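# Quick one, structure for this:
(one chain, ligands or ions: 1)
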Amino acid sequence: MRKVYILVALLVLAVLVAGCAQQSKPEVKEISTPVSTPASTPVSTPEKAEEDHEEGAEAHEEAVVVDEGEPAVTVTLKNFEFSPANIEVKEGQIIEFRNEEGTHTVTIFESGHDEPLVDEPLGPGKSILVKFNEAGSYDLVCKYHKNQMVGRIVVI
Ligand SMILES: [Cu+2]
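Presented below is the predicted three-dimensional model:
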């Protein structure tokens, strides 16, 4: 008798399993999720910033900061004064401004003009070269100490 029970049980089980299997029809929903591929943003290659110094712009400037050259005169900035304060150079010559103390500016105006030709802050120990290309009279001032630090450059 036991065998029968087992058989029945197996049968029931089989039916149940089959029923289950049929019911649970696997609904495979193929949802095609559109993969959003990130649009390849075109990387803008920075164009070479080639600075052309050969435009001859220097020739039009009465006084211009230059990178190199042999100075005809060296003016020191010390004790809140330019020394010497009255300078005379020839056209095309270079004046070196050397800051030996404090923080100052080398600011140069063509006499009677409001716009500086040169306006360079100068930390302690620094120096700049300024080339004078045109005869004339130029005012020299430190913007930080404009009441004390003044000078005059004459280009002949
Ligand atoms: Cu100063």
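# any chance you could map the helices in this structure?
Along the chain, counting by DSSP state H, helices occupy 2-23.
# Is any residue of stretch 134-149 near the ion?
Yes - part of stretch 134-149 sits near the ion under the criterion C-beta under 5 Å from the ion, namely 142, 144, 145, 149. Placement of C-beta: from N, CA and C, glycine included.
# buried stuff in that stretch?
For stretch 134-149, a neighbour-count test (16 or more other C-beta atoms under 10 Å) marks 136, 138, 139, 140, 141, 142, 145, 149 as buried.
# residues contacting the fifth one?
Taking C-beta atoms under 8 Å, 6 or more residues apart in numbering, we find residue 141 in contact with 105, 107, 108, 109, 149, 150, 151.
# try the fourth one
Residues in contact with residue 140 (C-beta under 8 Å, 6+ apart) are 82, 85, 87, 106, 107, 108, 150, 151, 152, 153.
# Next: the last one.
With contacts taken as C-beta under 8 Å, 6+ apart, residue 149 has the following neighbours: 77, 80, 81, 82, 104, 141, 142.
# how many other residues sit next to the third one?
To tie it back to what came earlier, the one meant is residue 81. By other C-beta atoms under 10 Å, 17 other residues sit near residue 81.
# From residue 156, how far off is residue 120?
24 Å (C-beta to C-beta, to the nearest Å).
# which one of the two has more residues nearby?
Each of residue 120 and residue 156 has its neighbours counted (other C-beta under 10 Å); residue 120 has more, 15 against 10.
# quick one: pLDDT of the residue nearest to the more buried one when sequence neighbours are not counted?
The spatially closest residue to residue 120, leaving aside those adjacent along the chain, is residue 106, at 4.9 Å (C-beta to C-beta, 6 or more residues apart in numbering). We have a pLDDT of 98 for residue 106.
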